[in-house]
Each structure stands twice: as C-alpha cells, then as structure tokens.
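Peer 1: I would like the atomic coordinates for the input below:
(chains A, B and C)
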Amino acid sequence: MKFRLHRFDPESGKKPFMQEVELDIDPAGKMLLDALLELKAGDDTLAFRRSCREGVCGSDAVNANGRNVLACVTPLSSLKEPIEIRPLPGLPVIRDFVVDMEPFYRQYRSIKPWLINDEPEPERERLQTPEERAELEGAYECILCGACTSACPSFWWHPDKFVGPSGLLQAWRFIADSRDQATEERLDNLEDAYRLYRCRGVMNCVEACPKGLNPTEAIGKIRELLVKRKV
Amino acid sequence: MDKRVFDAVILGGGGSGLRAALQLADSGFKVAVVSKVFPTRSHTVSAQGGITAALGNVTEDNWHWHMFDTVKGSDYLGDQDAIEFMCREAASAVYELEHMGLPFSRLDNGKIYQRAFGGQSQNFGGEQAVRTCACADRTGHALLHTLYQRNIAARTQFFDEYYALDLVRDAEGYCLGLTAMSIETGEPILIEARATLLATGGAGRVFWNTSNAMINTGDGLGMVLRAGLPLEDMEFWQFHPTGIAGVGSLITEGVRGEGGYLVNSRGERFMERYAPHARDLASRDVVSRAIATEIHEGRGCGPHADHVLLKLEHLGEQVIAERLPGIRELSIRFAGVDPVNGPIPVAPTAHYMMGGIPTNLNGQVVAPARYGPEEPVPGLYAVGECACVSVHGANRLGGNSLLDLVVFGRAAGRHMIEYLTENPYPRELPDAAVQFGLKRLARWSETRGDETVDGITRELRRLMQKHCGVYRKRAVLEEGLGELAGLQERAGKITLGDQSRVFNTARIEALELENLLLVARATIVSALAREESRGAHSREDFPQRDDDRWLKHTLYHLENDQLDTKPVRLKPLTVDSFKPMARSY
Amino acid sequence: MRKPVTGSHSGTVWWLVQRFSAVVLLLSGLILWLGYLQVPALDHATLSALFQADSIRLLVWLLVASLCLHAWVGLRDVLMDYVKPVSLRLALGLLVTLVLVLCTVWATTILWGAHG
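Peer 2: I've put the predicted structure just below:
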C-alpha cells in the first residue's frame, strides 16, 4: 500500500515534508495503527503516540486523508491510497504525527471537570435514578483524543479562548449530572462571547468523534440553559 | 541536570497511582505524578466489567463472603490478612468513588448497579452473588477519568510523558526519588522525594497474545530488579478466557455475568463439563484451561479450530446496548460481528500479572533483610498491578483489580503521609545513585550491532507465548529459558536508528524492552521452580496442587536468578483463617 | 505566559439579538414582499401613497434596523475570528458600528423626514 507521511524532526534542521513510502501489507482485518507499527518497524524514526490499540485510551488520533481519526480503530481498507497521514490540525507539531496537546488539555481543565457537591457525604452512595443517569450518556464516554476539537475551525482561530467541542461536552457532562450542584457557576464560566459562543454549528466535531458522540448537541443543550436563565 | 523536589513522587498515572496521589494532595503534600503517557491513556482505562464490593444492592451480601471467594479464587495463595483488609475496605472505597463523581450505572431504586462475575458466591460457596459495581462496560474508563479529574482539582503536579529510568537509593537502602527523562525533549531529570510510589501497572506485553495496552511493559518491575530487590510470584499470569480471537482485545467477564455463554464447534455448552455448578462463571483460570483443552482436543471453531464462540444474542439488543455498549463496539470493529446477531470468536489472552513487587498492607515494598523476609524498604512503595500484596494469589477474580487499585492506592497514600510526617527532611543524595539511571539512558546513544528493538521484542513475545502459556512443563520452560538467554545477549547488539532527542519513541521502546526481558526471565525462572499446578500456573508435569511443598510465595532476585520463598500469610486480621480446600466451581 | 482574556460581555445576549433580529427581518420582509405582490403598478405615485401609511414606514424601518443589528453581530463575529490585533479590531468595530448606525439614522430620516 502507498502512504504519504508527514515527517518533521525539529533537530534535523529540515522543514516538514511529505514522505512517500510503500508498505507490503494485506489490509484485510487490519487497522491503520497496524500499518503505522509496520512502518515504524522498518524505520524507527517515525514518531507517533499509541497505547491501548482498541479505541479507548485516545492516544493515536491522527489526520488520515484529511479526516481526524483514531488510527487503531480505522480499518486500512476504508482508506484510499495513497494514504496521507498528518498530525492533528490546529495544534503545534512536536514531531511527525505528535502534536502538543496542551492547548486542548488547558481548555479541558478550564471547565472544572470534576463533580462539585458541597453537601455532607452520605455513608452510602448518593442516589440517582436510571433516568438521571441516562442524561450522562453520550458525554462521560469522551476519551480526550482531541479529534473533534482539532477539527473545529473556531478552535483553530481561538485555541486560547474557545473551549472547543470536547471541553464543552465535558462541561455538559457535569451540568447534566443530577449530583452536581455548580450549574450556575458552570454556566457563568461559559457565558462570555468566546468560550461557548464561538461555536458556529459547523459540526466537524460530530463527524470526527471516533466514539460517535455529539458535542454540537451538548453545546446546544448548554446554550438552551444559558438562554433560559436570561429570558 | 534539572532537579525537582517534592514530598512524594508517584510513578504511573493509572488508577492506583492517581488514588494515592489524591490522598497526598488532598492532605496538603507536594506530590508529583510521573507518567510516560497522559494519565487517561493508562491501561486502567481499558477495564470493562467493574469493581467488586459487597454492597448488597442486588443480592444479600457481606465482605466476609467476598473474602472467602477471593481466598478460594487465589487457590489459597493469597495472603489472608491483605484479602480481609481489601474486602473490608471495598464498600467504603466504592462509595468514595461514587462521591467523587464516578458515573456508575444505576438500579431502579437509584443505587449503584451490580452484576454477577465469575467466582462470586453467597454464604461461602453457595449461590451466585451479584457483587461487581459497574459503569456500563466502561468502568475503568469512568474510574480513571474521575480520579484524574479529582487530581486536577487537588492541584497534583503532573509530569506527563516522562519516562522513568531508575530508582535513586542511598547506601542504607532509603529510596530518595527517581531519575526520568522528558520524552518530548529527551532531557533527563532528577525527581527527589522522601517517598516514592511505583504504580507502573502490568507487563502483559511479554506475551504475543495479550489484552494489555502497548505501554504495559513492566517498567517498575525492571527498576525494582535493577535496584537489587526481588519480585514475588512472577509465575502467575492470568489468561483471560475471552479475548477476541487473533486480536487479544478483551471481552469482559461481565458478558457472561449478564447471561452470555461459551460454545465449542459442536455447539455444546462445554463449561457444564468443567464446572457443573458455576459453569461459565467459574474462575478465570478454570475457564481458560477449559477453552485451551477444547481447542487442543479439536473442538475449536473457525477454519483453524483455534477459538470458541461467546454467545449473547439471546440477551436482546436492548440489554446489549445498555449494559455492554463498549463490547458491541469492540466486537463489530475487531471481530466483524455485531453480538446482537452472532457469537463473538474468543480465545484466552494474557491479561493480568498476579505477581509483582512484594508489598505489605500499607503498600510498603518489602524484601528479605536482616530481621526477616518482609522488611519494608524505607521510602519505597508499590501499588496496583505492579505490586504483589498479595490479594490475588495464584488467580485473580474479575472485578478485584480495580478494587485493588483504589483500596491499596488509598492505603499507601495514608501510610506515605505518616512516613513523610515522621521523616520531614530529605536525606543526602549520593551522586553515584543518580548516575545509575543516566548510564542506562546513555548506552542507547552508542551504535552496537545489527539487531533491532522491534525484532527482539517480537521474538520475545512469541517465545513467552510458546514456552510459558496456559499449560507449562519443565522441558518447554527450560528450552524457553535457553532461548531467552540468547535473546538477552542479542539485545546487547541493538542499534537505534533514531538518535534525535525530540520525542524519540524508538529509544523509549528500547528502554521498555530491557524491562520486558527482565520480566520474562523472572517469569520463566519462577515457573520452572514451582513444581505444582495452582491457579493460573498449570504444570502438565505436576498437575496437582501441592500444599505441603508449595503453599508459599516465590521471590525472584536478578542476581544469579536466585529464587527464594516466603510463607503465605494464612492468618487474617480478625476473622478465622480459611483452610486450603479442594477448589471446584 | 500571556494570559488568555476572553470578552467580558454576554455571549447569550448577543446570540439572542442575532436570532431575534433575524426573526424580525424575516417577518417584516415577508409582509412587505406579500404587500408588494398586491401593488398593481410600481410607479412613483403609488409608492408615495403607500409610504404615507405609518404601518408601512414602521415595517420598512424595522427591516432596515434589524438588518443593521443582525449585520452588526455577524460582522463582530467575523472581526473576532479574523482580526487578532486588539486596536485594529476595535477600530474596525467602531467603523462598522458607525456605518450601521448611520444607515439606520439615514433610513429614519428618509422615512419620516421627507414629508415633514
């Protein structure tokens, strides 16, 4: 199979370039990550992140043929040759396919991603009905791979100010939790003109999410609450 | 070299490391978590089925029954004081996670959802118990993210993508921190701390067929061996019965807990023959051996008759979508089967290391020294899969791993606080100890021979699969040990093509390979020594459990492959001891 | 490190303004268009006569005003996204505001000033 790989090593002094390589691999039943591992076996200078290799840890998000995907759950056979692999867009490139995720993580931290409940803790569990728990479906499953946020033009323009789809989905995860008591504070945090309202509803995030989550819908639900308390 | 000073340093950002870090950070200590991946990429994230605690939300239950099941599941090799401690602490540890925000699935009455898992019983071996608390089939993901979130709130200092090289110890044996390198810049760093906790997880990557993440390379185990400390019970590796055939990815035991079952090529529910009472919910070692036997005797499925089938269509789409959505996704992606319509092809896959760094109830690393076989190493702790307390003995029960992480993560955190209070000032740092780790790093800048990291790693994993799998025997193990020696020698001739300092993953993989080779050696030597079959360790040449000779733990030392033993702690903390009995399900 | 400072003003208010102005724009436009279909011949006399009615004037004024308001929010978004230097963004923002306010004022004088 033919590949075009984004190569960049800041130590080499060379500018980033696209490397054409051929790999003898049968795509049947194999994922993109299998191909990357084979490529690395032949050339150990190829740098990328990987861990669980089954789509739950979120390490190996890359841009393949223009789409953000998780390499370990993207069938090789689904990709048109030459397969062009680049790092996630909109984030500083460290090397080859490795990007600096810090702007993404910073936005994640900015929404206070932890349960806030100041009531005394009961000896047993706090009760939550299955219906209340169902509100968290589609939000708590986020694996922080960054595929959505780095596909979002609003995040490209405002990585420092716009929370981005992943962070907003996580904000919703806590707003939606019946056990969380900081909804007002969380809404205040998203009230300004940038942090949520830069979302233009392009829905790149929905297309990019490897877990099939829908950040745009979550953003809509948060906005609904923001509007409700305004009018 | 850059030097940073903390009260405590924790190596590993998985469940146990983060639980311990939280204990320290919430108590006002300066704590650093060093992890070679961003913490939520740690392997805890892959845990599916749940965390076991006798909450009694579904069936009547108490911790003592849980303790009995765990002792029996361990094939009586587990230390009963540690098991009592874990089972007693289980409920509070789970409630605490719920209070932290872990989004457990819920029962209609609003309580935490619990499901049946293998090896669980009521009344000391009676009816099936329903004891494993679950967040759909993503419990590990939910647990890890919750703990990470709490650590952000507690302002824990994270060193993400730093790879640890070695422990720093002084002449008196005190652990004073560790040396590491930034993966992004290649710069080494010394992290000085009065207490060091190893939470580096397992090493399933020594096997060809494994459910483990690619990062599970036993880094903490290698560090401990190089520091001259032993590893305990390294012959015990759990092969999970239901890995996706040919891929290794895990299909949780929760599938069988929800009512799924295994069939062979004749469509026969073969577990009825091996475990007439518990059937598909027998202990993991029992089910794995049953599958291996079915395949060996020609009743496997598929063109190569190399797997069996896990049926769950009868559960219906709603139950599968609600309780096992992650499994469905994995199965569609990696086996090409939607379990709503057809059975999942499964085979045993290396899953969990019961052995590891010997510790006591407080997570303190213990080693034979002047006054006995279990002297704490001052300032050094270990928890989670890399540690051997030992609560899992010869075979871990499903759902006890996540529990082990949080119970002993918390216990270690508590004890570290005590230790830090008693030892308020740092000790002098000997330069030679610091250089030890740096030399290890420097060696990989030299050109040596024409071997590659990838080549040796593949051979190692094949070797372990072939010589040290579900069934073992002397001749095969000895042959494996010989081949391993050859591989270790050839590993000295590896040349790294990548000499960049920036995000050099080739160098990380080389350092990981060093640790994998040590883990493999410890495993084979220990497996050769244990001439009995117990739990996950099945010797064809010694098919019976031998309590007279082997009701004890092995201790492997790197120096001369020396193998010692120490007794199993049969006396619990407060209750009566469970005497070893024949183990049937 | 440069601290990211986000806008202090409410995002919700302006989001609402944008939606609200769009609705007014749509409704007034629709009514005028339907009315236009009723007009038999489009000459100066007819139009002058029509614009004697305050209701028509008000509708046209609403159309222009909501258009300007809607355009202001939209252009502000464009400036926020693409013009990074604060001073330039402020200057352009002022310019846009000025032009749009003038347009509205102008429309008002046309509608009510001519026959006054």
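Peer 1: How much space separates the residue positioned nearest the centre of chain C from chain B?
Peer 2: Nearest residue to the geometric centre of chain C (CA atoms, centre = their mean): C:Cys68, 1.8 Å. From C:Cys68 across to chain B, the span is 45 Å (CB to the nearest CB, to the nearest Å). Bear in mind the C-beta positions are built from the backbone N, C-alpha and C, glycine included.
Peer 1: Which of the helices or strands spans that residue?
Peer 2: helix C:54-82 (DSSP states H and E).
Peer 1: So for that helix, mean pLDDT?
Peer 2: Mean pLDDT, helix C:54-82: 92.
Peer 1: Against which helices or strands is that helix packed?
Peer 2: helix A:153-157, helix C:11-38, helix C:86-108 (3 or more CB pairs under 8 Å, 6 or more residues apart in numbering or on different chains; DSSP states H and E).
Peer 1: Contact residues of the stretch 301-450 of chain B facing chain A?
Peer 2: Residues of the stretch 301-450 of chain B found near chain A (CB under 8 Å from any CB of the partner chain) are B:326, B:329-330, B:333-334, B:336.
Peer 1: Pull out the buried members of those.
Peer 2: Neighbour counting with 16 or more other CB atoms under 10 Å in any protein chain shown marks B:326, B:329-330, B:333-334 as buried within those.
Peer 1: Restricted to helices, list the residues you listed.
Peer 2: Of these, the ones assigned to helices by DSSP state H are B:326, B:329-330.
Peer 1: Please pull out the lowest mean pLDDT helix or strand from chain C.
Peer 2: Lowest on mean pLDDT, DSSP states H and E among the helices and strands of chain C sits helix C:44-50, with a mean of 81.
Peer 1: Restricting to C-alpha, output that helix in CSV.
Peer 2: Output of helix C:44-50 as CSV, limited to C-alpha atoms (Å, rounded to 0.1, in the frame of the first residue of the first chain):
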residue,chain,number,x,y,z
HIS,C,44,-43.8,57.0,-8.0
ALA,C,45,-47.3,58.0,-7.2
THR,C,46,-48.4,54.6,-5.9
LEU,C,47,-45.3,54.2,-3.8
SER,C,48,-45.6,57.7,-2.3
ALA,C,49,-49.1,57.0,-1.4
LEU,C,50,-48.2,53.7,0.2
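Peer 1: Which strands and helices lie in contact with that helix?
Peer 2: Looks like helix C:44-50 contacts no helix or strand (3+ CB pairs under 8 Å, 6+ apart).
Peer 1: Which residues does it contact?
Peer 2: By CB atoms under 8 Å, 6 or more residues apart in numbering or on different chains, the residues outside helix C:44-50 that reach it are C:39-40, C:56.
Peer 1: So which of those residues wins on neighbours?
Peer 2: C:Ile56 (17 neighbours; other CB atoms under 10 Å in any protein chain shown).
Peer 1: Which residue would you name as the spatial centre of chain A?
Peer 2: A:Gly146 (2.2 Å).
Peer 1: Could you confirm that residue falls within a strand?
Peer 2: No. Checked against DSSP: H, G, I helix; E, B strand; the rest coil, A:Gly146 lies outside a strand; its state is coil.
Peer 1: Flag every residue of chain A that's near chain C.
Peer 2: A:154, A:157-158, A:160-161, A:190-198, A:223, A:226-227, A:230-231.
Peer 1: picking up where we left off before, pretty sure the residue nearest to the centre of chain A is touching A:Phe104, no?
Peer 2: Yes. Contact criterion CB atoms under 8 Å: A:Gly146 and A:Phe104 qualify, at 4.8 Å.
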